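Sharing a sequence plus its predicted fold:
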Amino acid sequence: MVDLLDQKQEMLEKQLKARGITNQRVLDAMMEVPREEFISKDLVEYAYRDAPLPIDEEQTISQPYIVALAAEILDIREDEKVLDVGTGSGYAAAVMSELGKEVYTIERHKSLAESASKRFERLGYDNIYILHGDGTEGWPEHAPFDAINVAAGGPRIPEDLKEQLAPGGRMVIPVGSQIRTQRLVLTTRNNGQFSERDLGRVQFVPLIGTGGWVNREAKEESPPKKKKSVTDRINDAAEPFNNPESADLSPLLERIGDARVVLIGEATHGTSEFYRLREQITRKLIEEKGFNIVSLEADWPDAAHIDRFVRDLDIPLPEEEPFTRFPTWMWNNGEVLRFVKWLKEYNEGTADPDSRTGVYGLDFYSMFSSIKAIVDYLEDLDPSLAEIARNRYGCLSPYENDPTSYGAAAMSDEYRKCEKEVTEMLRRILTRRIEKAEQDGTRYLDALQNARLVANAEKYYRSMYFGAQSSWNLRDTHMFKTLTSLMDHRGDDAKAVVWAHNSHVGDARATEMGARGEHNIGQLAKEHFEEDAYNIGFGTDHGTVAAAHNWGGRMRVMDVRPSHNESLERLMHRAEHDNFLLPLHKEGHGELTREMEKSRLERAIGVIYRPGTEMQSHYFQASLSNQFDEYIWFDETRAINPLPPRKKEKGVPETYPFGL
């Protein structure tokens, strides 16, 4: 109990106050209502997690911040009457009952309505009245309402609910043309007129009813119909294979079609099977579809070593050893080495180095090694400009060995000027781009990218220090802009493969990231390239993985726990095949697509894995068929094969840049 109280206090400080909830009555109500009483017992330890949680009937209980935000926007007074649409387990209704005089709540699932009613009675909420019915029609017998809270997203604002608003009444409702992506809208009634205000992007379960989305489910009074289970539908659509090297990828290539960008994910940063099949897919895209860019969730300078090697570029090598920054095993492993050696051999069949397939880094953690790359380049181009750059970047150098501590320095006025100076440095290099691009294309692109990296990384470390969610958006925006710059550089025939984690390549709008206002490469690619972008996710149930317990820690080979019973991974585990490709939008499998639209728990393991707190640390809510075009499943997986530290040798060894 003490632990839950601590968690509740942490929720108040970090999830609510820190994100702008200031109404003291709302904060008091959030502290008063025991969220652990509104979820299943096996999820109690996650009661105050900043995320929605699953309840019965494949519904969810909203994250605390969303409930508090709605309550603050509605500004419910003590003498006011509230309508709550979408009771669920009753958490939001309980919070609003602490604020208003009476709460009338409607739930379309009979089982949820009955269990919520018993819960209200048990917990002593005597000012909440519940109805099993169509929430889009409201509760006219008790109208008008001073405030209406709608906890499900519809295609429009139901007219019945608008008409049940009292003069001066407020309604908060998610609205969107797509079933899984909405904008939170505040509707106010004044003098018989309605005004609307957009409050930002959110993600709620669908609002089903006469004033919402068409209900695909059978009516309760209809005779039961025999229907296929989700597992049956997965089995029908699955394309099984034995191992990554023997998989028939022809159907996948056909589905990819003429896409110019293929984003290939991974459910961990340390699983051999993910790397190996990603390699096989990429080989086919290069050989059969002319893809000429392989972009990695890796630092630009590190990937530049690989690019120089696979394209045999006659360009001075960076002095800094590649892949020495944590996590070294992520790219310095046997699986990546095999692909690099293959790509070098493939490229040798193309005489023009500029036409060969290149390897590029999208990420920007190593901003200090990038500063050196810019200065070195400018030294040859214009020594006076190099000296200016050296002086301007000098304000960052004291924290070269510990970039995260730079965030502390960013708080002072002295260091706040750095943003302006690195941006000015970028502007200077961009000015020279037109003059030098044709003369020295490859090195110029390298210097340009490093300048962008520094400008964005400086902002990233600031936002990371302050704990802002903008750091994720800044990072993924940077990576996406790097991708589009590469494609512009390669010209009209540019086609790019992206190797990154599922959390980067799956469309963020289909996950709880989107509800927090975060976006990623996958979303930006879908918005920019539309049908010309195809994204592929991976998943596994159990096995081993290479990861660390903490950032900067030692790599370990750890056991991956079998998936959570209510997770997407458990559904895949129940299928009859161990390994398979699952097309999520294939013609003739519409029911599977719709089943996979439902929000479910999904697991993500990065370079950090904490099995002891797996539910809290590694699971999130996602709608699979809105997240990916294709999903690839390995029931049992093994850790990647990390390579030993790079050896220093004279010249370029055959296995450069890994130096074995």
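Received, thanks. Residues are numbered from 1 along each chain as shown.

Just the pLDDT for Met96.
pLDDT, Met96: 96.

quick one: it is in a helix?
Yes: per DSSP: H, G, I helix; E, B strand; the rest coil, Met96 lies within a helix segment.

Let me know the distance separating it from Ala68.
Counting by Cβ to Cβ, to the nearest Å, the separation of Met96 from Ala68 is 11 Å. (C-beta placed from N, C-alpha, C; glycine too.)

swap in Gly135?
21 Å.

can you check His549 too?
Between His549 and Ala68 the distance is 33 Å, computed by Cβ to Cβ.

still on that earlier bit, Gly135 and Ala68: which has the busier surroundings?
Remark: of Gly135 and Ala68, Gly135 carries more neighbours, 29 against 26, as counted by other Cβ atoms under 10 Å.

Hmm, that one is touching Gly209, no?
Yes: under the criterion of Cβ atoms under 8 Å, Gly135 lies in contact with Gly209, with a separation of 6.1 Å.

my read: Leu83 touches Trp139, true?
Yes: with contact defined as Cβ under 8 Å, Leu83 reaches Trp139; the gap is 6.2 Å.

Tell me which of those two has more neighbours.
Leu83 (28 against 20).

which SS class is the more buried one?
Leu83 ends up strand, using three-state DSSP.

Which residues does it form beta bridges with?
Listed beta-bridge partners, Leu83: Tyr104, Ile148 (assigned using DSSP bridges).

what's the spacing between it and Ser117?
With distances defined as Cβ to Cβ, the gap from Leu83 to Ser117 amounts to 17 Å.

Give me the common contacts of Leu83 and Trp139.
When contacts are counted by Cβ atoms under 8 Å, 6 or more residues apart in numbering, the set common to Leu83 and Trp139 consists of 104, 106, 164.

Can you tell me the SS state at Thr544?
Here Thr544 is strand, with the state taken from three-state DSSP.

Repeat that for Ala351.
Relying on three-state DSSP, one would call Ala351 coil.

any idea how far it is from Ala494?
19 Å.

Between the two, which is the more surrounded one?
Ala494 (18 against 7).

The more buried one: what secondary structure?
In three-state terms, and counting by three-state DSSP, Ala494 is coil.

List the residues that contact the residue lying closest to Glu512 once chain neighbours are set aside.
Leaving aside its sequence neighbours, Glu512 sits nearest to Gln621 (Cβ to Cβ, 6 or more residues apart in numbering; 4.6 Å). Shown here is Gln621, whose contacts under the criterion Cβ under 8 Å, 6+ apart are 51-52, 54, 60, 511-512, 599-602.

isn't there a strand covering Thr188?
Yes: per three-state DSSP, Thr188 lies within a strand segment.

for it, what are its contacts?
For Thr188, the contacting residues are 168-171, 194-197, by Cβ under 8 Å, 6+ apart.

So for it, what's the pLDDT?
If you check Thr188, the pLDDT there is 96.

where's it relative to Ala508, distance?
With Cβ to Cβ as the criterion, Thr188 and Ala508 are 30 Å apart.

quick one: low-confidence parts of the stretch 451-600 of the chain?
Judged by pLDDT under 70, the stretch 451-600 of the chain has its weakly predicted residues at 458, 460-470.

could you pull out the helices for it?
Listed from the start of the chain, the stretch 451-600 of the chain has helices (DSSP state H, counting those that start in this stretch) covering 470-490, 502-505, 512-515, 521-529, 568-573, 590-595.

With the stretch 201-350 of the chain instead?
Counting by DSSP H, counting those that start in this stretch, the stretch 201-350 of the chain forms helices over residues 230-237, 250-256, 272-289, 300-310, 334-347, given from the N-terminal end onward.

Deepest-packed of those helices, please.
Per-stretch averages of neighbours, counted by mean count of other Cβ atoms under 10 Å, single out helix 300-310 among these, with a mean of 24.

Just the mean pLDDT for it, thanks.
Averaged across helix 300-310, pLDDT comes to 89.

what's the answer for stretch 382-390, then?
When pLDDT is averaged along stretch 382-390, the result is 74.

which of the residues in it are buried?
Within stretch 382-390, the residues that qualify as buried by neighbour count (16 or more other Cβ atoms under 10 Å) are 385-386, 388-390.

Looking at those, spot the one nearest Pro155.
Of all the buried residues of stretch 382-390, the one sitting nearest Pro155 is Ala389; the distance, using Cβ to Cβ, is 52.9 Å.

Touching, the closest one and Tyr377? I think so.
No: when contacts are counted by Cβ under 8 Å, Ala389 is not listed as touching Tyr377 (9.5 Å).

Distance of Pro174 relative to Asp248?
Distance from Pro174 to Asp248, by Cβ to Cβ: 42 Å.

Look at those two and report which has more neighbours.
With other Cβ under 10 Å as the criterion, Pro174 and Asp248 differ in neighbour count, and Pro174 comes out ahead with 25 against 11.

list the contacts for that one?
Residues counted as contacts of Pro174 (Cβ under 8 Å, 6+ apart) are 150, 152-154, 182-185, 202-204, 207.

Quickly find the element holding it.
Mapping Pro174 onto the secondary structure by DSSP states H and E places it in strand 165-178.

got any ranges where the protein has weak pLDDT?
Along the chain, the parts satisfying pLDDT under 70 run over 1-2, 179-181, 214-227, 316-320, 365-371, 381, 391-444, 458, 460-470, 646-660.

How is it partitioned into domains?
In the domain annotation for the chain, the residue ranges read 2-202, 228-291+495-640 (automatic domain parsing).

Would you format the ones you listed as a markdown table with distance to Trp213 included?
As requested, the domains of the chain are arranged in a markdown table below (distance: least, Cβ to Cβ, whole Å):
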| stretch | distance to Trp213 |
| --- | --- |
| domain 2-202 | 6 |
| domain 228-291+495-640 | 11 |
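
Which of the ones you listed sits closest to His489?
Distances from His489 to each of the domains of the chain were compared using Cβ to Cβ; the minimum, 11.0 Å, belongs to domain 228-291+495-640.

For Thr22, grab the count of nearby residues.
Thr22 has 9 neighbours, counted by other Cβ under 10 Å.

got a list of what the residue nearest the centre of the chain touches?
Here the mean C-alpha position of the chain is nearest to the C-alpha of Ser503 (Cα atoms, centre = their mean), at a distance of 4.0 Å. Ser503 makes contact with 511, 513, 520, 604, 606, according to Cβ under 8 Å, 6+ apart.

try it again with 10 Å
Neighbouring residues of Ser503 by Cβ atoms under 10 Å, 6 or more residues apart in numbering: 265-267, 297, 472, 476, 511, 513, 518, 520-522, 537, 602, 604, 606, 620, 622, 627.

what about it, distance to Pro240?
Separation of Ser503 from Pro240 (Cβ to Cβ): 26 Å.

Check Glu387 too.
Going from Glu387 to Pro240 by Cβ to Cβ gives 62 Å.

what does Glu32 give?
Applying Cβ to Cβ, the value for Glu32 to Pro240 is 53 Å.

Who has more neighbours out of these two?
Just comparing Glu32 and Pro240: by other Cβ under 10 Å the higher neighbour count belongs to Pro240, 15 against 12.

The more buried one contacts Glu576, correct?
Yes: look at Pro240 against Glu576 with Cβ atoms under 10 Å: they come within range, at 8.5 Å.

Against Thr544, how distant is the residue lying closest to Ile256 once chain neighbours are set aside?
Of all residues not flanking Ile256 in the chain, Tyr534 sits nearest, at 4.9 Å (Cβ to Cβ, 6+ apart). With distances defined as Cβ to Cβ, the gap from Tyr534 to Thr544 amounts to 30 Å.
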